[in-house]
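A.B. asks: kindly generate the corresponding structure for this input.
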Amino acid sequence: MSNRLPPLAAVRAFEAAARHLSFTRAAEELAMTQAAVSYQIKVLEERVGAPLFVRQPRRVALTDAGKTLASAATDAFRILAEGYESARTGGLGTLTISTIPTFAANWLALRLGSFHIAHPAIAVRLETSHRMVDFAAESVDIGIRSGAKGEWPGLMAHRLFLADFTPMLSPKLAASIGGVRHPSDLLRLPILDPDDPWWEIWFKLAGVNDRPDTSGQVRSQLGSQAYEGRAAVAGRGVGILTRAFFTSELADGSLIQPFDVVGNDGHIFWLVYQEQRRNVPKIRAFRDWILAEIAASSE
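C.D. replies: Next up is the predicted model:
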């Protein structure tokens, strides 16, 4: 078998260059000179018998042979890294989760304590971002994504909960106009992010069929339900929020949901991870835990 393998130092340099599409960035990652990376790739090309990169001014691109080898090399290094991590930590170690800020702050952070108690050998690292991570290229184990169908190539997806929405506000703000008794009363108060399309959907469901006039509203855009919820608790305005993210505030009375009308645009929160990694112990442990938490919270 060893006679059929290319030099691993050359493969390592190639994989980094293919991932970055840059010899310079590969050299920085591997603490090598650019000339050393280029040499290792030439060694590999001689073994393959075909060019792996098309070298162009200030950039490189993979050839068809390079794309084939890059995919295999990335998978091989991932498997090797996981095997090393499993041997070092007993299959546990650090679990990296990519999620949106609101899910991290308003749902996950409130419950992670029970996960740590159940799995003290697993450390959790949260990466909060609205972007969609590339599992094949980034060191992320699990992601929380929103989508209608939960279909992403190469990923396993488990439904968590519907991203529903309904207006919420502080009791003090509601009392400032003598209470909120009809959906149109909300328009007498400051609306947080009045350009959010959820508002139009909700008002129609609530029987306010004419497009609500929000022309006099301050055009605030807080960019996250976590921030919008804080502003609503502080009495800054009425937010249109997902109930699962604000159960504590609704329970302690810092926010009220004045109407039972709840809308949705079909989006669902999903737990996702690479299909080939479904049996990695730390991923399996987190999957089982979070699905049990979701089931308990819906009872």
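
A.B. asks: these two touch, right, residue 62 and residue 21?
C.D. replies: Yes - here residue 62 reaches residue 21: they are 7.4 Å apart, a contact under CB atoms under 8 Å. C-beta coordinates here come from the backbone N, C-alpha and C atoms, glycine included.

A.B. asks: for residue 132, what are phi and psi?
C.D. replies: Dihedral pair for residue 132: phi -90, psi 110, per degrees, to the nearest 10.

A.B. asks: show me the contacts for it.
C.D. replies: By CB atoms under 8 Å, 6 or more residues apart in numbering, residue 132 lies in contact with 143, 145.

A.B. asks: give the rounded mean pLDDT of stretch 41-54.
C.D. replies: For stretch 41-54, mean pLDDT rounds to 94.

A.B. asks: stretch 9-21 now?
C.D. replies: So the average pLDDT for stretch 9-21 ends up being 92.

A.B. asks: got the CA positions of stretch 286-299 in CSV?
C.D. replies: As requested, the backbone C-alpha atoms of stretch 286-299 are provided in CSV (Å, rounded to 0.1, in the frame of the first residue of the first chain):
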residue,chain,number,x,y,z
PHE,A,286,-24.9,16.7,20.9
ARG,A,287,-27.5,15.5,18.4
ASP,A,288,-29.2,13.3,20.9
TRP,A,289,-29.1,15.9,23.6
ILE,A,290,-30.5,18.8,21.5
LEU,A,291,-33.3,16.7,20.0
ALA,A,292,-34.3,15.6,23.5
GLU,A,293,-34.3,19.3,24.6
ILE,A,294,-36.5,20.2,21.7
ALA,A,295,-38.9,17.4,22.4
ALA,A,296,-39.1,18.4,26.1
SER,A,297,-39.7,22.1,25.3
SER,A,298,-42.6,21.2,23.0
GLU,A,299,-44.5,19.1,25.5
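
A.B. asks: so for it, what gets flagged as buried?
C.D. replies: Under the neighbour-count criterion of 16 or more other CB atoms under 10 Å, stretch 286-299 has 286-287, 289-290, 293-294 buried.
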